[in-house]
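Undergrad: just coords:
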């Protein structure tokens, strides 16, 4: 009889553990969505070309961008800047760093969907990032982003030696 009671007792304990197991369960999910910004430069190389050969028309070109932005609901801000991080090379052509002294300025205009683009032409610089666009509180782009473009203009100076010159423009986007 003791053996049956012991086996019966162990069986009850085994089934008691199973009886407490559940077939479903839940959890609470929490996510903190903060300000964020990203940028895609769609034009890997922007060619600047002059419309005529009389030095009266500047070299012009357009760089296409797609930006993604989400600013804070309270006191949110966002900005996009551009800076010439590598001046034109090789020697003998335009130089952004000395354009103030020579008058051979590289300027740009801004267009963008959403936010506030620069209102007038900006002068590009190798020392200071120029503001391209800004965003305010609680701004967000669609999932596919919003388009923007930079219209570049460079004086066609006859003092430039005939050659191909390259410079690097670096865009920086941020959100708070």
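TA: Noted; the coordinates are in hand. Predicted model only: the values in this text are computed from it and were never measured.
Undergrad: C-alpha from now on. contacts and neighbour counts both.
TA: Will do.
Undergrad: ok, and the closest non-adjacent residue to the spatially most central residue of the chain?
TA: In the chain, the C-alpha nearest the mean C-alpha coordinate belongs to residue 39, at 2.3 Å (C-alpha atoms, centre = their mean). With C-alpha to C-alpha, 6 or more residues apart in numbering as the criterion, residue 39 has its nearest non-adjacent residue at 4.4 Å, and that residue is residue 67.
Undergrad: for the one helix or strand that neighbour maps to, packing partners?
TA: Assigned by DSSP states H and E, residue 67 belongs to strand 59-70. Here strand 59-70 touches strand 36-41, strand 49-50, strand 146-154, going by 3 or more C-alpha pairs under 8 Å, 6 or more residues apart in numbering; DSSP states H and E.
Undergrad: pLDDT of it, averaged?
TA: Strand 59-70 carries an average pLDDT of 97.
Undergrad: so residue 43, which state does it fall into?
TA: coil (DSSP: H, G, I helix; E, B strand; the rest coil).
Undergrad: low-scoring stretches of the chain, by residue?
TA: The chain contains residues with pLDDT under 70 at 1-19.
Undergrad: circling back to that earlier point, okay, buried residues for the very next helix or strand once past the strand holding residue 67 please.
TA: Reading on from strand 59-70 to the C-terminus, the next helix or strand found by DSSP H and E is strand 78-89. Residues of strand 78-89 classed as buried by neighbour count (16 or more other C-alpha atoms under 10 Å): 78, 79, 80, 81, 82, 83, 84, 85, 87, 88.
Undergrad: now swap in stretch 154-173 and tell me
TA: 154, 155, 156, 157, 165, 166, 169, 171, 172, 173.
Undergrad: ok, the fourth one - contacts?
TA: Counting by C-alpha atoms under 8 Å, 6 or more residues apart in numbering, residue 157 touches 55, 104.
Undergrad: can I assume it sits in a helix?
TA: No - going by three-state DSSP, the assignment for residue 157 is coil, not a helix.
Undergrad: any idea how far it lies from residue 141?
TA: From residue 157 across to residue 141, the span is 40 Å (C-alpha to C-alpha, to the nearest Å).
Undergrad: ditto for the fifth one
TA: Residue 165 sits at a distance of 36 Å from residue 141 (criterion: C-alpha to C-alpha).
Undergrad: ok so, going back, how much space separates the residue nearest to the centre of the chain from residue 80?
TA: 9 Å.
Undergrad: what is in contact with these two at once?
TA: Shared contacts of residue 39 and residue 80 (C-alpha under 8 Å, 6+ apart): residue 173.
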